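In: build the 3D model from these lines:
(2 chains)
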Amino acid sequence: MFKKLYKTKIIILLLIFIFSVLFSITLGDVRIPFLDTARIIINEINIFNFEINIDHIKKSHIFIVTNIRLPRILLASLVGAILSVVGTSYQSIFKNPMADPYVMGVSSGAAFGATIGIILGISKGILGFGLTSIMAFAGALLTTILVYNLARIGNKISTTSILLAGIVVSSILSAGISLMMIFNHDDLASIVSWTMGSFNGASWTQIAVIFIPALIGTLFLSSFSRELNAIVLGEEQAQNLGVNVEFTKKIILITASFLAASAVSVSGIIGFVGLIVPHLFRLIFGADHRILLPVSVIGGAVFLLICDTLARTVLQGIEIPVGIITSVFGGPFFLYLLKRNKSKRLV
Amino acid sequence: MDSIVNIKNLSFKYDKIDILKRITLEVVTGNFISILGPNGSGKTTLLKNISSTLKPNNGSILIEMQDIRKIKHKELAKKLAVVHQSTEVHFDFSVYNVVMMGRFPYLKRFQSESKKDEEIVKEAMLNTSTWHLKDKSINEISGGEKQRVVIARALTQQPKVLLLDEPISHLDIKYQIEILDLCKRLNKEQNITVITTLHDINMASRYSDYIVLLKEGNIKEVDVPHKTLTEENIEEVYGIKVELINRNNDKRPIILPRSV
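Out: Predicted structure coming up:
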């Protein structure tokens, strides 16, 4: 009944995404014409074996597009998609509009791990992944497991306990980070800049490593759309509709936390995306996860991609941390939508 | 007559406090049963044990002679649907989608709703006079409408037993009659067994085939309305004196509390 309408909207969003990718590649300290970027990319992919003439394009432009901007733009999109799909899942599982991907301590865990990595100062890594990223990933995952087990009562997970345990564990870890910063003045700048989040060092390797888990995780979460729909109406009702509530909660928490940890390990902490993108699309499309999850994925990608493009282009020569842009531009826009929709819908 | 729900020696504790004490009850297919009793007598706890939301400490509950602990979530949802007290919904769903959720137990993970599911939803909505609300948001309809929508959703589960928890407690008298008339009609036309908790003794008297009277976690009496609702039973269970009015001998007494 509503399927057709959904499909059109998803296709429109996808077109917006593709256009945003192409357009943001042209922007930067070096301007590259739109058509040239399109030619370079089609030439790179070239699954259709088109005859494309790129001889007139400067070699440096080709290098910038394929090795600097494209990986960065795709990584930002990927992280944006992950953060918003995780945010949507958490908000529904916790039935709490304040929940975001970092609610279970992923961010402070990752920051703690990254800080240790930076202080140890080992630049070696595995599979082209820096030690900092690996430590961040491990920190994020370990913290989530800790919070989960602290909040578990027998076989059941209490939502309130998870939120509280997440806050407390985060505070303890933040204190630990501050302490390490005091004793390691030299690394202060790197630690702070890591925690503010950036796609500056984006590489194809990073994309390759997180793309497959992100894809599988997102599809997996989407396959629980009906369960999520029932759960947001109340866990007891969901159970009476035949949903195995405890199992669903557990499996979604595990998948979402894993996704959040992988996003944070390549990007640092980028706030706001996972909080507002889900709300934004819930206001526009309603709460049905069958549409909400796919549009959050694409919408999150577009949102973070635009923010990151602004971060690297607004000021000549200086890069603004992308986390600042997400809040400065996302915040007011969200408040506007909230105000406009308040009369008819609850967030 | 076939019994559909069989409760044997059911005990339930909250933090070592006995809420239900060795309850034994047999419900026959097609009956309309009301569970009455003062606050804290265990009405809702009994209902939640039947719906498998709470697990009994002792004893067992059988549905169609099968132990509910051994029935899978989805299979149970095909036999038994629950209508909860109307609650605030903080998420924005269309009425149609809320009703469609009742088809959950019949759908596999990657299966989408078929024509047949859509027909069942439409029929349930027409049956409960909610079809005209289908495109509205669940947040913008009235309490009585919402209750009918939840009953429509329960019907799409095609249950044999319909459990209702205080279905009329937040509604005005017009909606109260409307909801109970609807339940009675579904009970008669589709032979769905109805088990409901109620606060209103007169409504229970008027609609039920049998009334279960609970007192402090024990069954005080199970019988047809005029045999359960005696002056003595009501005084013992609720602690109030009442006068019974029997209109044209319909065996459905009206109770009139005396002032203290």
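In: tell me where the stretch 201-347 of chain A has helices.
Out: Counting by DSSP state H, counting those that start in this stretch, the stretch 201-347 of chain A has helices at residues A:204-222, A:225-232, A:235-240, A:245-267, A:273-285, A:289-313, A:322-341.
In: ok, the stretch 51-200 of chain A next?
Out: Counting by DSSP H, counting those that start in this stretch, the helices of the stretch 51-200 of chain A are A:59-63, A:70-94, A:106-120, A:131-151, A:159-183, A:188-196.
In: okay, those helices in a markdown table with distance to B:Asp200, mean pLDDT and mean neighbour count next?
Out: All C-beta spots, glycine's among them, are computed from the backbone N, C-alpha and C. Written out in a markdown table, the entries for the helices of the stretch 51-200 of chain A read as follows (distance: least, CB to CB, whole Å; pLDDT from 0 to 100; neighbours: other CB atoms under 10 Å in any protein chain shown):
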| stretch | distance to B:Asp200 | mean pLDDT | mean neighbour count |
| --- | --- | --- | --- |
| helix A:59-63 | 79 | 84 | 13 |
| helix A:70-94 | 36 | 94 | 27 |
| helix A:106-120 | 50 | 89 | 26 |
| helix A:131-151 | 41 | 89 | 22 |
| helix A:159-183 | 34 | 91 | 16 |
| helix A:188-196 | 60 | 84 | 16 |
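In: and B:Phe104, how many residues sit next to it?
Out: Burial of B:Phe104, expressed as a neighbour count using other CB atoms under 10 Å in any protein chain shown, amounts to 21.
In: which pLDDT value goes with it?
Out: As predicted, B:Phe104 sits at a pLDDT of 96.
In: pop out the phi and psi values for the residue lying closest to it once chain neighbours are set aside.
Out: In space, not counting the residues next to it along the chain, B:Phe104 is nearest to A:Leu241; the distance is 4.8 Å by CB to CB, 6 or more residues apart in numbering or on different chains. For A:Leu241, the backbone dihedrals (degrees, to the nearest 10) come out as phi -90, psi 0.
In: contacting residues around A:Leu241?
Out: A:Ala230, B:Ala77, B:Met101, B:Gly102, B:Phe104, B:Pro105, B:Gln157 (CB atoms under 8 Å, 6 or more residues apart in numbering or on different chains).
In: same thing but at 10 Å, please
Out: Taking CB atoms under 10 Å, 6 or more residues apart in numbering or on different chains as the criterion, A:Leu241 is in contact with A:226-227, A:229-231, A:233-234, B:73-74, B:77, B:81-82, B:101-105, B:153-154, B:156-157.
In: which residue does chain B have closest to chain A?
Out: In chain B, the residue that lies nearest chain A is B:Ala77 (3.1 Å; CB to the nearest CB).
In: is the most centrally placed residue in chain B bridged to anything, and to what?
Out: Centroid-nearest residue in chain B, with CA atoms, centre = their mean: B:Leu164, separated by 2.1 Å. The residues listed as beta-bridge partners of B:Leu164 by DSSP bridges are B:Val83, B:Thr196.
In: buried subset of the contacts of A:Leu241?
Out: Neighbour counting with 16 or more other CB atoms under 10 Å in any protein chain shown marks A:226-227, A:229-231, A:233-234, B:73-74, B:77, B:81-82, B:101-105, B:153-154, B:156-157 as buried within the contacts of A:Leu241.
In: hang on, the earlier thing: so which of the helices of the stretch 201-347 of chain A gets nearest A:Ser171?
Out: helix A:245-267 (17.9 Å; CB to CB).
In: where along the stretch 151-260 of chain B do the helices fall?
Out: Defined through DSSP H, counting those that start in this stretch, the helices belonging to the stretch 151-260 of chain B, from first to last, are B:173-189, B:201-207, B:225-228, B:231-238.
In: flag every buried residue along the last one.
Out: Using 16+ other CB under 10 Å as the burial criterion, the residues of helix B:231-238 that qualify are B:Asn233, B:Ile234, B:Val237, B:Tyr238.
In: sorry, back to before: out of the helices of the stretch 51-200 of chain A, which comes closest to B:Asn39?
Out: Across the helices of the stretch 51-200 of chain A, B:Asn39 has its closest neighbour in helix A:159-183 (25.9 Å, CB to CB).
In: how much space separates the closest residue to A:Phe211 other than its chain neighbours from A:Pro101?
Out: Nearest non-adjacent residue to A:Phe211, counting by CB to CB, 6+ apart: A:Leu78, 6.5 Å away. Here A:Leu78 is placed at a distance of 14 Å from A:Pro101 (CB to CB, to the nearest Å).
In: kindly report the same for B:Glu26.
Out: Plainly put, B:Glu26 is 52 Å away from A:Pro101 if you go by CB to CB.
In: same check, this time on A:Lys9
Out: Taking CB to CB as the criterion, A:Lys9 is separated from A:Pro101 by 24 Å.
In: those two: who's more crowded?
Out: Ranked by neighbour count (other CB under 10 Å), A:Lys9 and A:Pro101 place A:Pro101 first, with 30 against 16.
In: can you give me the distance of that one to chain B?
Out: Plainly put, A:Pro101 is 19 Å away from chain B if you go by CB to the nearest CB, to the nearest Å.
In: right, and that residue touches A:Ser89 too?
Out: Yes: taking CB atoms under 10 Å as the contact criterion, A:Pro101 and A:Ser89 are neighbours in contact, 9.0 Å apart.
In: common neighbours of those two, please.
Out: What both A:Pro101 and A:Ser89 touch, as defined by CB under 10 Å, 6+ apart, is the set A:Ala256, A:Ser257, A:Leu259, A:Ala260, A:Gly274, A:Pro278.
In: so who does the last one touch?
Out: In other words, A:Pro278. Contacts were defined as CB under 10 Å, 6+ apart; by that measure A:Pro278 touches A:83-92, A:97, A:99-101, A:292-293, A:295-296, A:299-300, A:347.
In: do that again at 7 Å, thanks
Out: When the contact criterion is CB atoms under 7 Å, 6 or more residues apart in numbering or on different chains, the partners of A:Pro278 are A:Ser84, A:Gly87, A:Thr88, A:Gln91, A:Ser296.
In: equivalent analysis for A:His289, please.
Out: A:Ser92, A:Ser225, A:Leu228, A:Asn229.
In: how does it look with 8 Å?
Out: Neighbour list for A:His289: A:Thr88, A:Ser92, A:Ser222, A:Phe224, A:Ser225, A:Arg226, A:Leu228, A:Asn229 [criterion: CB under 8 Å, 6+ apart].
In: excluding chain neighbours, what is closest to the first one?
Out: Counting by CB to CB, 6+ apart, the nearest residue to A:Thr88 once its immediate chain neighbours are dropped is A:Pro278, at 4.0 Å.
In: hmm, back to that, state the distance from the residue nearest to the centre of chain B to A:Gly109.
Out: As for B:Leu164, its distance to A:Gly109 is 46 Å (criterion: CB to CB).
In: equivalent analysis for B:Tyr106, please.
Out: Remark: distance between B:Tyr106 and A:Gly109 (CB to CB) = 41 Å.
In: likewise A:Ser170?
Out: Taking CB to CB as the measure, A:Ser170 and A:Gly109 are separated by 8 Å.
In: got it, and A:Glu235?
Out: Where A:Gly109 is concerned, A:Glu235 sits at a distance of 27 Å (CB to CB).
In: try B:Lys13
Out: When distances are taken as CB to CB, B:Lys13 and A:Gly109 turn out to be 39 Å apart.
In: also A:Leu275?
Out: According to CB to CB, A:Leu275 and A:Gly109 sit 18 Å apart.
In: swap in A:Leu13?
Out: If you go by CB to CB, the gap between A:Leu13 and A:Gly109 works out to 32 Å.
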